Structure formats: C-alpha cells, structure tokens
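J.: sequence first, then the predicted structure, then my questions.
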Amino acid sequence: MKILEMIQKRLGLTHEDLDKEMNLENLNELQHQLDNVRDEMIAEQERKASEKASKESQEWADNLRKARQSKLSGKTTRDSLKKQARINPARLRKLKAEGKI
C-alpha cells in the first residue's frame, strides 16, 4: 500500500482516478510522469552519495591537517631561525631597537 500511496502522491492521482478506464494517451502520460519521478529519485540518491563522499573527504583532510600541524609549526620555526641566522647580529640589534622585529 505504501508504494501505491507514494505513486498517487507523486502523480497527483485520487481514488476516483484509479477507477477510470485507461486509454493509450493516459498510459503514455502516466509513463512519462513515472519516468520523471524515477529520474528525480535517481538524482536525489546521487546527490546524497556525493554529499557523503564530500563529507568523508573533508573529514579526512581535517584529520590530515591536524596530524601535520605540529610538524608544520616546527618547520616554520626552523625556517625563521635559518633566515635570522643570515642577518648580521648588529643589524638584528638595530631592528629590534627600532621595533621592527
């Protein structure tokens, strides 16, 4: 019964429509409506599957970012120390006195 109710709701049929005689035009119209309903349901399933895949991908990316965060901060610290090591110590004192560092 649930399938019949869903079809009636999607096609906009009433109980009086179910008692009518069918002809070829009515059958063709119902077939086109059923095809449209099927296409809508397929599109909805594909959308749900893509949303699920997107969510899983985002979660994986977040976990990867969290795992690399400590290594990244260590790398940025090492890079800044390498850069400062190439600056003349007198220039560093001058820049610190001027408040630029």
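T.: All right, it came through fine.

J.: just the helices in the chain please.
T.: Secondary structure of the chain (DSSP state H): helices at 2-11, 15-18, 24-85, 89-97.

J.: from the chain's centre, how far out does the last one sit?
T.: In other words, helix 89-97. 50 Å (CA atoms, centre = their mean, to the nearest Å).

J.: what does it rub up against?
T.: For helix 89-97, contacts defined as CB atoms under 8 Å, 6 or more residues apart in numbering pick out 84, 101. Just so you know, the C-beta spots here come from the backbone N, C-alpha and C atoms, and that holds for glycine as well.

J.: okay, buried residues for it please.
T.: Within helix 89-97, no residue counts as buried by 16 or more other CB atoms under 10 Å.

J.: give me the phi and psi for residue 100.
T.: Main-chain torsions, residue 100, degrees, to the nearest 10: phi -90, psi -10.

J.: for it, give me its contacts.
T.: By CB under 8 Å, 6+ apart, residue 100 has no neighbours at all.

J.: state the distance from it to residue 91.
T.: 10 Å (CB to CB, to the nearest Å).

J.: ditto for residue 74
T.: 26 Å.

J.: over to residue 56?
T.: Taken as CB to CB, the span from residue 56 to residue 91 is 51 Å.

J.: out of the helices and strands in the chain, which is least certain?
T.: Lowest on mean pLDDT, DSSP states H and E among the helices and strands of the chain sits helix 15-18, with a mean of 68.

J.: do you know the pLDDT at the residue of the chain positioned farthest from its centre?
T.: No residue in the chain sits farther from the centre than residue 90, which is 53.3 Å out by CA atoms, centre = their mean. pLDDT, residue 90: 91.
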